[in-house]
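Asks: just a sequence and a predicted model for now, questions to come.
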Amino acid sequence: MRVVVLADTHAPRRWTTCPPRVADELRGADVILHAGDVCVPSVLDELAGFAPVHAVAGNNDGPDVLAWGAPETLDLDLAGLRVAMIHDSGPKDGRTARMRRLFPEADLVVFGHSHIPLDETGHGVRIFNPGSPTDRRRQPHGTVGVLEIAGGELASARIVQVT
């Protein structure tokens with residue numbers, strides 16, 4: 001299973017339509033995860049044109065994004081891999097331990113908020129932030145994540161530059 005992970009698209013200020021290099025990654029996705037700060041549900045509708053979308057609400061998301069179906073946290077089974085999602089994972093210090101406590105059954109926790117790509121393992125959980133494809137802040141590139149899941153295991157996790 002090929003999963004494309006996005007966060008912090010901040011439409012319409014930063015995302016007016018799907019950027020071409022993001023669309024390139026979305027083609028062929030089996031599932032799309034959005035870790036919040038969508039800002040307008042039309043982004044989720046646009047993403048759903050590529051593959052089924054699961055999203056969580058971020059601190060900049062309003063009632064319209066929640067009404068689309070984006071809760072504050074989400075637990076998923078993706079091809080046997082237990083995936084949890086949240087927008088804000090809190091401070092860097094103690095993050096893996098905090099995510100393990102919050103999501104005790106998760107193999108992988110996907111989050112956003114910082115706009116900083118991260119793939120880290122600790123306390124028996126892997127945490128993954130795809131960064132932002134459109135609002136890179138102090139990062140050198142806009143990014144998305146690509147996960148490959150096989151046999152209930154995370155076969156690979158990549159941060160992909162899209163700007």
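Replies: Happy to help now that I have it. Numbering: from 1, shown residues only.

Asks: look at Gly151 and say how many residues are nearby.
Replies: The local packing of Gly151 (other C-beta atoms under 10 Å) involves 8 other residues. For the C-beta atoms, the positions are set from N, CA and C on the backbone; glycine is no exception.

Asks: what about the protein, any weak spots by pLDDT?
Replies: Regions of the chain meeting the criterion pLDDT under 70 are absent.

Asks: ok, which stretches of it are helices?
Replies: Here the chain has its helices, by DSSP state H, at 20-26, 41-48, 63-68, 95-102.

Asks: Pro130: which of these is closest?
Replies: Taking C-beta to C-beta, helix 20-26 is the member of the helices of the chain nearest to Pro130, at 10.3 Å.

Asks: in stretch 68-78, what counts as buried?
Replies: 68, 70, 74, 76, 78 (16 or more other C-beta atoms under 10 Å).

Asks: re the thing from before, so which of the helices of the chain is nearest Thr163?
Replies: Closest to Thr163 of the helices of the chain is helix 20-26 (C-beta to C-beta; 7.1 Å).

Asks: contacting residues for Gly58?
Replies: Residues in contact with Gly58 (C-beta atoms under 8 Å, 6 or more residues apart in numbering) are 7-8, 35-38, 87-88, 112-113.

Asks: not counting its neighbours along the chain, what's nearest it?
Replies: Gly36 (2.8 Å; C-beta to C-beta, 6 or more residues apart in numbering).

Asks: and Gly28, how close does it get to Glu120?
Replies: 27 Å (C-beta to C-beta, to the nearest Å).

Asks: which one's more surrounded, these two?
Replies: Each of Gly28 and Glu120 has its neighbours counted (other C-beta under 10 Å); Glu120 has more, 13 against 10.
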